[in-house]
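J.: got a structure for you, letters missing:
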């Protein structure tokens, strides 16, 4: 049996299992539904996971064995050699259109399988409905895999392979994808996408069953945090990949596919906060369900952007009209069902939503939702505008980074301010005197930090400012407001940790550091939230420096020539050419670097031409970085000009490592908040 027949057969069996499970679970949900039908639905969900797992293993084995009879494997296999080559081969599974969709479906099946296993012997009606919805989503993804352009089991024409199974054509994974970041970036992103199906399924299950108590939130909140966390890790790894691999000199270019991954992360923030109010106060019920549905719609929009061809992107795949209509129908259907369900259950969804004071925890949560929803809708609209008809505002236009930055900077700074203040607000609001009593020391700390940040701005950012055509004064004012806001976002969680540890130490007779450790371990949800806020404040400092104060030098040098850039001198020492074991050709420009006359080492940016793609002149740049606490020096090498001079780009990114450090703190905080609580053992 060939791989095509076997692979498609497994997809057929997975589809049959998913459809049968939906039928069994629907029957079990009826008033007189049987327990046997419910369990059958769970077992069939596990069968769907089994069949999709076998299909993924089939693709994995084809990549690891370099079986080029499958067209997908032939066009997405890496050329990397060495002890870690198998990891790059494994990454081929999600490197292209067909494999990434199969991998995504398998992850949805895994989450559905987790629900099926967890509730197999528990007759919770809401879990039964949620599992049916998960399988309904799977049915759409499985049907998409049978569309020719999405099917990973298509065969390569036999004339393209010799008798020994070797390729006779130039085909391989893009050299840009053959890096460690792309081994980890797509899987974490897809885990986040797939996991966000779970809160959507439970939210709709609450509407379908009429059980709009906090139970659906309790059953899905941890997996929601986990999925949002994985999505954030995926976005961060994608930024690292762009920074070190694309050589455009940055980590976020507002590309449509980049934006697509950010959309559900933004609304996911609103979803998590809404679920908190739902669970603790019985409020924001409609908000939570709506945000769960909108987040899932934005997950689908990411697939739609990548696979429909309606939006131009360096990351998108070939246009496919069938995928266009399939995913468009899923998005419209999802939103319609959610809105109709909310309207139908409106009386039951009324909860403790009102707030008398804007300066209250409820008020900050409300603004959090509004800001995240507006930001996501604006980003989605501007991203998709090029596909809209001309009579719509901005229809047919492609918006660049300047437009997105003009919206994102003030909106993002305002959001960080709301986020920073939220932990010291009280439910219902406690008035200005009580608020100031909690805020005064964080404000003092923020004042000290602001002074330091303004000094850093003047000494380490302003020297790299490139004059913009529009309102330089507004540019600097925005940056300073951002730094002051960041100082509060950093100061406040530090104060809360110190104050909490001090009070616990006095009450429990513990040392300060023991008390602090116990707070981190025992109050994980709250401590994780504080760390996440701290990380966002640090990221904001990094964003101000590394996006608003960047200086670029484009230079062409012959061997022995030098150029000066700010306080640095770069001397081109040599141009080296090397053929590695797999046949790739690597060109390296070796630069001696001095700062203020002091030698600080060498920089070696490279240009790599994979052997299997050399006739197509496909290459990838490997940048060189000189990293300092207050800036990165970024050097890329694009080849030789007509006079055999090295074409180099040198960029200065102030505060760049603050972005990465803040990202790590945010991930640690989110992970701590997600960590399950211990369940007390029964007596």
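T.: Right, received. Where do you want to start? It should be emphasised that the depicted structure is a prediction, and the values quoted were computed from it without experimental measurement.

J.: CA only for contacts and neighbour counts going forward, please
T.: Will do.

J.: Could you tell me the average pLDDT over stretch 641-655, please?
T.: The average pLDDT within stretch 641-655 is 92.

J.: neighbouring contacts of it?
T.: Contacts with stretch 641-655, where a contact means CA atoms under 8 Å, 6 or more residues apart in numbering, come from 249, 460-461, 464, 541-543, 545-547, 549-559, 565, 589, 629-640.

J.: How far off centre is stretch 539-559?
T.: Between the centre of stretch 539-559 and the centre of its host chain there is 24 Å, according to CA atoms, centre = their mean, to the nearest Å.

J.: Buried ones in that stretch, by neighbour count?
T.: Within stretch 539-559, the residues that count as buried by 16 or more other CA atoms under 10 Å are 539-552, 556-559.

J.: mind giving me the domain ranges of the chain?
T.: 179-388, 404-547 (automatic domain parsing).

J.: Tabulate those (a markdown table), appending distance to residue 61 and mean pLDDT.
T.: Putting the domains of the chain into a markdown table (distance: least, CA to CA, whole Å; pLDDT from 0 to 100) gives the following:
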| stretch | distance to residue 61 | mean pLDDT |
| --- | --- | --- |
| domain 179-388 | 17 | 88 |
| domain 404-547 | 39 | 89 |
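
J.: highest average neighbour count across these?
T.: domain 179-388 (a mean of 21; mean count of other CA atoms under 10 Å).

J.: what about the strands in the protein?
T.: Applying DSSP state E to the chain gives strands spanning 551-557, 562-565, 568-579, 585-595, 598-603, 606-609, 620-622, 624-628, 631-640, 646-654.

J.: Run the angle between the last one and strand 551-557 for me.
T.: Yep, that's strand 646-654 we're talking about. Angle, strand 646-654 to strand 551-557, by axes from the mean of the first three to the mean of the last three CA atoms, to 10 degrees: 160 degrees.

J.: What of the longest one?
T.: Computed with the same axes, to 10 degrees, the direction of strand 568-579 lies at 60 degrees from that of strand 551-557.

J.: Tell me what angle strand 568-579 forms with strand 631-640.
T.: 50 degrees.

J.: Relative to strand 568-579, what are the paired strands and their orientations?
T.: Using DSSP bridges, the strands paired with strand 568-579 are strand 562-565 (antiparallel), strand 585-595 (antiparallel).

J.: Just the buried residues of the first one, please?
T.: Residues of strand 562-565 classed as buried by neighbour count (16+ other CA under 10 Å): 562, 565.

J.: And the average pLDDT for it is what?
T.: 94.

J.: ok, residue 579 - how many residues close by?
T.: By other CA atoms under 10 Å, the residues close to residue 579 number 13.

J.: Now do the contacts for it.
T.: 585, 586.

J.: at 10 Å instead, please
T.: By CA atoms under 10 Å, 6 or more residues apart in numbering, residue 579 lies in contact with 585, 586, 587, 608, 609, 611.

J.: do residue 622 as well
T.: 176, 179, 244-247, 586, 588, 604-608, 635-638.

J.: ok, now residue 420?
T.: Counting by CA under 10 Å, 6+ apart, residue 420 touches 364, 414, 485-493, 530, 533-534, 536-537.

J.: So which of these belong to helices?
T.: The helices, defined by DSSP state H, take in 364, 414, 485-493, 530, 533-534, 536-537 from the contacts of residue 420.

J.: now, which of those sits nearest residue 320?
T.: Set against residue 320, the nearest of the ones in helices among the contacts of residue 420 by CA to CA is residue 536 (38.3 Å).

J.: can you tell me how far the closest one sits from residue 632?
T.: Distance, residue 536 to residue 632, by CA to CA, to the nearest Å: 20 Å.

J.: same check, this time on residue 243
T.: 11 Å.

J.: quick one: common contacting residues for these two?
T.: What both residue 243 and residue 632 touch, as defined by CA under 10 Å, 6+ apart, is an empty set.

J.: shouldn't residue 534 be in contact with residue 486?
T.: Yes: using CA atoms under 10 Å, residue 534 and residue 486 qualify as a contacting pair, with a distance of 8.9 Å.

J.: measure residue 647 to residue 119 for me?
T.: 61 Å.

J.: What is the burial count for residue 392?
T.: Residues lying near residue 392 (other CA under 10 Å) number 9.

J.: and it, what does it touch?
T.: residue 385.

J.: cool, and residue 88?
T.: Residues in contact with residue 88, defined by CA under 10 Å, 6+ apart, are 63-64, 77-81, 95, 173, 177-180, 182-183.

J.: do residue 334 as well
T.: Going by CA under 10 Å, 6+ apart, residue 334 touches 137, 200, 204, 293, 294, 296, 297, 300, 328.
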